[in-house]
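S.K.: pasting the sequence and the predicted coordinates here, then a few questions.
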Amino acid sequence: MEPAEAAKHLWPSTPAWPVIGHLPGMISLGLVPFIESVWRELGDCFEFRAGAETIKVIVHPDDVEAMLLRRRHKYTKGASYDQFRRLVGRGLISSEGALWRRQRRLIQPSFNRDTITALGQGMVAQVDVMLERWAAADPGGGVIDIHAELMRLTLEITGEALFGLRFAEDRASISTREFSDALGVVAARITAPLEAPRWLPTPGNIKLERAIASLDRVVMRIINERRQGGEDHDDLLGALLRGSDERGDALDDELLRDEVLTMFLAGHETTAVSLGWALWQLREQPEVRARMLETIDAAVGQRGPTSADLPALAYIKQVFYESMRLISPVWTGARNCVEPDVLGEGYAVEPGTRVMNFIWLTHRHPEFWDQPERFDPERFAPEAIAKQHKFAYLPFTHGPRKCVGEHFATLESVLVLTRLFQRVELEAVPDFEPEMDFQLTTRPRNGLMMRWRPRARVAG
């Protein structure tokens, strides 16, 4: 609906408690199951109350498109991202307006297709390092937490590709596990339904501040080591150090820190989570796995895959995209309304209102996805994509704020999956069930325990 049309209806809602609103249901069921239950009862537009705040929820792709593209001037990230800014400050994901436009222009060249294509060989080499580590620990195979392993892998890939850094060499005096755990602490605090004031010295606040201090320490060491080296590198960190603000001055340390941390979070966490859930879902898809192996054998045989193989590995990309449809690494987005608007079939949105677009539910909308719970990579064949509503699939979001690292993450994921399928077999551990933890991303709370065993040795 266009905003010129008058609002006709009150936003649907379910009964709420005085003062605390829907918090009991959110806490007992979990936020996402609670929202999904309301969606199935009330439809694509509804509201819920978290304490004193009333939040609007949209699910239909038309409304998401209105908020993120057609009427985006009516919505900002605003207060919805205040908690996230505690971690990344004014980084690309959380900034707005003129600052965001300058940052995007500065960062975009580091993520152009030609630039990203050159990184493929290093990505595959990092997979081989990981697999050699597995083999050294247990030559015949064994049980691993594939989520933890992929978190380490994607941190190494992001560090080397974008910042010329190898965490394995301990240049930053922090392990990948510490980095990942610190991000997890921050994420859990950001998505908590209730939060103590930041000034109150609760155990949670103390843990949060220590985690941020730990991340600040490693990021500033990365920046300072590059400065002291005096060399001009053709990577993202080099572009940031060469960059300037609107006055032509070099970026200050605070903004540099924010951008580096933002790119580590976006490039490491989301890709690891996506890959982990892809491997987990594939355990129950023998026909898909068989076709993946046929595709890989035909495309690259025994040699290591490269960026040039991406067109021949199109089915691997389809599998990865379908996995992200069912378990998107980012399960929701949010904006704050700054001008009056109308969404859905005549629902008014007033300035100051927070609107959440629930990606998790849009990816399951039966109007746009036939048998939405079924795993079907053919949904992402070229002819099927051409018929899709663009805003029905949002792991990288859409509009001007579409993820700058989409090509990087896609190339990395296709190459990682290809190399893993070439060299090892992965299967579920009996009686293990992961617990999804809806934080900033859809992390598995208890990991993803899988059993691996080597395939026939392949050439590098």
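M.R.: Alright, I've got the coordinates.
S.K.: rest of the way, CA atoms for contacts and neighbours
M.R.: Noted.
S.K.: distance of residue 163 from residue 238?
M.R.: Distance, residue 163 to residue 238, by CA to CA, to the nearest Å: 8 Å.
S.K.: these two: which has the busier surroundings?
M.R.: Comparing residue 163 with residue 238 by other CA atoms under 10 Å, the one with more neighbours is residue 163, at 22 against 19.
S.K.: what helix or strand does the nearest residue to that one once chain neighbours are set aside sit in?
M.R.: Leaving aside its sequence neighbours, residue 163 sits nearest to residue 237 (CA to CA, 6 or more residues apart in numbering; 5.2 Å). Taking DSSP states H and E as the definition, residue 237 sits inside helix 236-242.
S.K.: how about that helix: buried residues?
M.R.: Neighbour-count burial for helix 236-242, counted by 16 or more other CA atoms under 10 Å, picks out 236, 237, 238, 239, 240, 241.
S.K.: roughly how far does the second one sit from residue 26?
M.R.: I take that to be residue 237. With CA to CA as the criterion, residue 237 and residue 26 are 41 Å apart.
S.K.: correct me if wrong: residue 142 contacts residue 452.
M.R.: Yes - contact criterion CA atoms under 8 Å: residue 142 and residue 452 qualify, at 5.5 Å.
S.K.: between those two, tell me which one has more neighbours.
M.R.: More crowded of residue 142 and residue 452, by other CA under 10 Å: residue 452, with 21 against 15.
S.K.: sort out which residues of the longest helix seen in the chain are buried, please.
M.R.: In the chain, assigned by DSSP state H, the helix with the most residues is helix 203-229. Buried positions in helix 203-229, judged by neighbour count with 16+ other CA under 10 Å: 204-205, 207-209, 211-212, 214-216, 218-223, 226.
S.K.: do stretch 45-58 as well
M.R.: Quick answer for stretch 45-58 (16+ other CA under 10 Å): 45, 46, 47, 48, 49, 50, 51, 55, 56, 57, 58.
S.K.: surely the fourth one forms part of a strand?
M.R.: Read it as residue 48. Yes - remark: residue 48 belongs to a strand, assigned using DSSP: H, G, I helix; E, B strand; the rest coil.
S.K.: beta partners for it?
M.R.: Residue 48 has these beta-bridge partners by DSSP bridges: residue 55.
S.K.: contacts only, for it.
M.R.: 13, 14, 21, 22, 54, 55, 56, 57 (CA atoms under 8 Å, 6 or more residues apart in numbering).
S.K.: just send those residues back as CSV, with distance to residue 115 and pLDDT too.
M.R.: Listed next are the contacts of residue 48 as CSV, based on distance: CA to CA, whole Å; pLDDT from 0 to 100:
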residue, distance to residue 115, pLDDT
13, 48, 97
14, 50, 96
21, 49, 93
22, 48, 94
54, 44, 95
55, 41, 95
56, 40, 97
57, 38, 98
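S.K.: adding distance to residue 297, write these out as TSV.
M.R.: Shown next, in TSV, are these (distance: CA to CA, whole Å):
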residue	distance to residue 297
13	53
14	53
21	56
22	52
54	53
55	50
56	48
57	45
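S.K.: out of those, what pair is the most spread apart?
M.R.: Within the contacts of residue 48, two members stand farthest from each other by CA to CA: 21 and 57, at 15.3 Å.
S.K.: show me where pLDDT drops low in this protein?
M.R.: 1-8, 167-196, 245-248, 457-460 (pLDDT under 70).
S.K.: what's the domain layout of it?
M.R.: Partitioning the chain according to automatic domain parsing yields domains covering residues 1-88+329-362, 89-328+363-454.
S.K.: one step back: who does the helix holding residue 237 touch, helix- and strand-wise?
M.R.: If contacts are counted by 3 or more CA pairs under 8 Å, 6 or more residues apart in numbering; DSSP states H and E, helix 236-242 sits against helix 97-107, helix 146-163, helix 253-264.
S.K.: can you show me the CA trace of it as PDB?
M.R.: This file holds the C-alpha atoms of helix 236-242, laid out as PDB (Å, rounded to 0.1, in the frame of the first residue of the first chain):
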ATOM      1  CA  LEU A 236      40.700  -3.700   3.000                       C
ATOM      2  CA  LEU A 237      42.900  -2.600   5.900                       C
ATOM      3  CA  GLY A 238      45.200  -0.800   3.400                       C
ATOM      4  CA  ALA A 239      42.200   1.000   1.900                       C
ATOM      5  CA  LEU A 240      41.000   2.000   5.400                       C
ATOM      6  CA  LEU A 241      44.400   3.400   6.300                       C
ATOM      7  CA  ARG A 242      44.600   5.300   3.000                       C
END
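S.K.: what's in contact with that helix?
M.R.: With CA under 8 Å, 6+ apart as the test, helix 236-242 has contacts from 106, 107, 110, 162, 163, 223, 232, 250, 251, 256, 260.
S.K.: list just the nearest of those to residue 403.
M.R.: residue 107 (11.6 Å).
S.K.: correct me, but residue 317 touches residue 410?
M.R.: Yes - under the criterion of CA under 8 Å, residue 317 makes contact with residue 410 at 7.3 Å.
S.K.: the more surrounded of those two?
M.R.: Using other CA under 10 Å as the criterion, residue 317 and residue 410 rank with residue 317 on top: 23 against 16.
S.K.: contact partners for the residue lying closest to the more buried one once chain neighbours are set aside?
M.R.: If the residues on either side of it in the chain are set aside, residue 317 comes closest to residue 414, at 5.8 Å by CA to CA, 6+ apart. Listed by CA under 8 Å, 6+ apart, the contact set of residue 414 reads 310, 313, 316, 317, 320.
S.K.: surely the second one is within a helix?
M.R.: Yes - Residue 313: assigned to a helix according to three-state DSSP.
S.K.: could I get stretch 50-63 in CSV with only the CA atoms?
M.R.: C-alpha atoms of stretch 50-63 as CSV (Å, rounded to 0.1, in the frame of the first residue of the first chain):
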residue,chain,number,x,y,z
ALA,A,50,8.1,-5.9,25.1
GLY,A,51,7.6,-4.0,28.3
ALA,A,52,6.8,-0.4,27.5
GLU,A,53,7.7,-0.6,23.8
THR,A,54,5.3,-1.7,21.1
ILE,A,55,7.1,-3.2,18.1
LYS,A,56,5.5,-3.8,14.7
VAL,A,57,6.4,-6.9,12.7
ILE,A,58,6.2,-7.3,8.9
VAL,A,59,6.7,-10.5,7.0
HIS,A,60,5.3,-10.0,3.5
PRO,A,61,8.1,-9.2,0.9
ASP,A,62,6.1,-6.2,-0.4
ASP,A,63,6.2,-4.5,3.0
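S.K.: quick one, phi/psi of residue 306?
M.R.: The phi/psi pair for residue 306 (degrees, to the nearest 10) reads phi -130, psi 170.
S.K.: what's around it, how many residues?
M.R.: A count of neighbours around residue 306, defined by other CA under 10 Å, yields 20.
S.K.: and the residue nearest to residue 163, how close does it get to residue 396?
M.R.: 22 Å.
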